[in-house]
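Asker: 3D, please:
(one chain, ligands or ions: 2)
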Amino acid sequence: MMFNLSLCVFLFPCVKKKPSKQLRFPGRKSSKTPESKEMFAGENGLQGDPRLKAIKEAIRVVPHFPKPGIMFQDITTLLLDHKAFKHTVDIFVDRYRNMRIDVVAGCEARGFVFGPPIALAIGAKFVPLRKPRKLPGEVISEAYTLEYGTDCLEIHVGAVQTGERAIVIDDLVATGGTLCAAIRLLERVGAEVVECACVIGLPEIQYYFSAYSHDRPTRVMNPGHVSDYAAYSNACTFAGTKQAKWNAVVHAY
Ligand SMILES: O=P(O)(O)OC[C@H]1O[C@H](OP(=O)(O)OP(=O)(O)O)[C@H](O)[C@@H]1O
Ligand SMILES: Nc1ncnc2[nH]cnc12
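Answerer: Ligands and ions are numbered 1, 2, ... in the order given. This next block holds a predicted model:
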């Protein structure tokens with residue numbers, strides 16, 4: 001996996017050196033630990049729920065897209081299966097409907113697919129976090145690093161009020177860079193980020209987020225794979241910034 005170290009140091013000043021072997025996956029035989037499969041289901045009464053299997057089976061995995069080595073998790077096939085798509089939204093709605101959520105923030109582009117139906121169902125506003133130069137009003141921006149490149153997210157100033165309770169929705173967490181940028185944006189405009197929710201979690205990020213962070217969970221349903229170095233960087237970002245006290249724990253399926 002290509003990784004641009006100078007960019008990493010610029011974006012994530014808490015990352016000073018490459019993770020040691022021990023930091024990478026100590027004691028792990030496989031990235032798909034039994035605990036990881038059980039945590040989300042256990043906490044949400046979903047253990048053995050056939051909907052999770054249906055969701056996972058509806059997601060197509062395309063090897064070597066958009067670059068050699070990337071196992072691309074394609075949610076467009078999930079959208080073709082209206083039952084599996086509805087199950088996906090229902091699972092998140094069940095979790096968030098009684099959590100006093102004011103804001104559902106979706107990350108462009110695939111967070112725009114899952115975020116709005118969740119927002120409508122729980123009675124929250126939907127706030128798009130967009131790629132640069134797409135929002136017409138006054139914006140603030142956050143740069144981040146991805147599994148296969150770098151990017152930036154923006155939010156409209158005034159879309160979220162100080163003290164509002166927000167969740168961040170996306171289809172997938174790979175390195176965690178997008179979620180980190182989304183959290184930073186929402187916190188800069190005064191929101192309280194309660195949780196991040198993704199349909200798909202890539203297993204390596206689960207390890208790093210579990211190792212480096214604590215209280216604020218990130219909810220995911222399905223596993224894939226990821227650049228562990230970039231995941232490490234983003235987990236360190238959580239641990240090394242003002243968000244340290246409510247970081248993320250990813251539960252992969
Ligand atoms: O955890 P990360 O390493 O940040 O990667 C996850 C992000 O990458 C993908 O989006 P992408 O930026 O490719 O944009 P797209 O949805 O417009 O294709 C995906 O939909 C997530 O938003
Ligand atoms: N492996 C992957 N599949 C789909 N979207 C992604 N975004 C980052 N990594 C991805």
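
Asker: would you confirm that residue 62 contacts residue 74?
Answerer: Yes. The criterion here is CB atoms under 8 Å, and residue 62 meets it with residue 74 at 5.4 Å. For glycine as for every other residue, the C-beta is placed from the backbone atoms N, C-alpha and C.

Asker: look up phi and psi at the residue lying closest to residue 65 once chain neighbours are set aside.
Answerer: Leaving aside its sequence neighbours, residue 65 sits nearest to residue 72 (CB to CB, 6 or more residues apart in numbering; 4.1 Å). Per-residue torsions, residue 72: phi -80, psi 120 (degrees, to the nearest 10).

Asker: pLDDT wise, what is residue 72 at?
Answerer: On pLDDT, residue 72 comes in at 86.

Asker: go on, residue 135?
Answerer: 98.

Asker: what is the burial count for it?
Answerer: Residues within reach of residue 135, counting by other CB atoms under 10 Å, total 18.

Asker: against ligand 2, how distant is residue 72?
Answerer: Using CB to the nearest ligand atom, to the nearest Å, we find residue 72 at a distance of 4 Å from ligand 2.

Asker: typo on my end, it should be residue 131
Answerer: 14 Å.

Asker: hang on, that residue packs against residue 111?
Answerer: No. Counting by CB under 8 Å, residue 131 does not reach residue 111; the two are 11.4 Å apart.

Asker: give me the more crowded residue out of these two.
Answerer: Shown here are residue 131 and residue 111; by other CB under 10 Å, residue 111 has more neighbours (27 against 14).

Asker: return the residues in contact with the more buried one.
Answerer: 105, 129, 168-171 (CB atoms under 8 Å, 6 or more residues apart in numbering).
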